[in-house]
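> Quick one: sequence and predicted model below, then my questions.
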Amino acid sequence: MYIKMQCPQCGMIDDMDDSRQFQYCRFCGRQVNVRDAAYTAQAAQATPNMPAADSPNLNIQYYSINPGVTMIVRFLFSGQVQYFVSGQRFSFHIPYGSHRITLQIGRKNYARNIFLPDNNAQVNIYASWDGRAHIEIVNPPYTPPAPVQQVVYVPVQTPMNNPAPAPAPTPGNGKICPQCGTVNDPGYVFCLKCAARLEEDQPKDADPAPEEPDVKGDAPAVEHEEQNETVCENCGRTLHDDEKFCPGCGTKNPNV
């Protein structure tokens, strides 16, 4: 007795002799256990012409130059079957993910994998027969995810305020040499640079005299007026009575 069995590999339904436990699928060559009730029941429960889908995401269209060559599409994940004649188009709603289907055009079976994206994008299958079977699967165009915009914080560079140059030293209470313009300590009587005698009373904010170029030769002799105070013979520093040596140049105080 021949019964209808569905191949567990290609999904094709064929008549097999139940007098022998094992037979081979004539479409893919897979060994089939004829006494396996699971495949027998699945073949018996296969329902042609699936109901129309409410929100389809898979469209299948078939065309043949020979109206007698039909197409049978089997969804292996659900066991459902859809029959096509030339010029028919059916739409289905398939769960998200990858699924395997078979398309039987004439007496030949073709297995294909289809992938349904989770955004309800449309997948189209175009099958035809013109003496040979042609199957084209058109997947929806891939839309890459929008790039994540990274906010880069750039520090604002403010111009640095350069500090004002230090003011030129002012004579203050020092004595300015009338000959070379050197500022000397208030207690000096003679200039440390040129040995010129310093005036006693000078304005505090007097402008220094312009510096004259050095002239070769000995510095001009300066006449020392007699003073009641002791003055260092070497540097002209005023010496106190208790200073045996000049603190400026180390010359011995002649009056001690």
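Alright, I've got the coordinates.
> so what pLDDT did the closest residue to Trp129 other than its chain neighbours get?
Once flanking residues are discounted, Trp129 sits nearest to Ser64: 4.2 Å by CB to CB, 6 or more residues apart in numbering. Yep, even glycine has a C-beta here, placed from its N, CA and C like the rest. We have a pLDDT of 92 for Ser64.
> for Ser64, phi and psi?
For Ser64, the backbone dihedrals (degrees, to the nearest 10) come out as phi -140, psi 140.
> just checking, it touches Gly131?
No. Under the criterion of CB atoms under 8 Å, Ser64 lies out of contact with Gly131, with a separation of 9.9 Å.
> between the two, who's got more neighbours?
Ser64 (21 against 8; other CB atoms under 10 Å).
> list the contacts for that one?
Under the criterion of CB atoms under 8 Å, 6 or more residues apart in numbering, the contact partners of Ser64 comprise Thr70, Met71, Val85, Ser86, Ile105, Ser128, Trp129, Asp130.
> one more time with 7 Å, if that's ok
Contact analysis of Ser64 by CB atoms under 7 Å, 6 or more residues apart in numbering lists Ser86, Ser128, Trp129.
> Would you agree Asp17 is in contact with Met5?
No. With contacts defined as CB atoms under 7 Å, Asp17 does not count as touching Met5, sitting 9.9 Å away.
> So between the two, which is more surrounded?
For the pair Asp17 and Met5, the greater number of neighbours falls to Met5 (25 against 11), based on other CB under 10 Å.
> Excluding chain neighbours, what is closest to the more buried one?
When the adjacent residues along the chain are set aside, Met5 lies closest to Met16, with 4.6 Å between them (CB to CB, 6+ apart).
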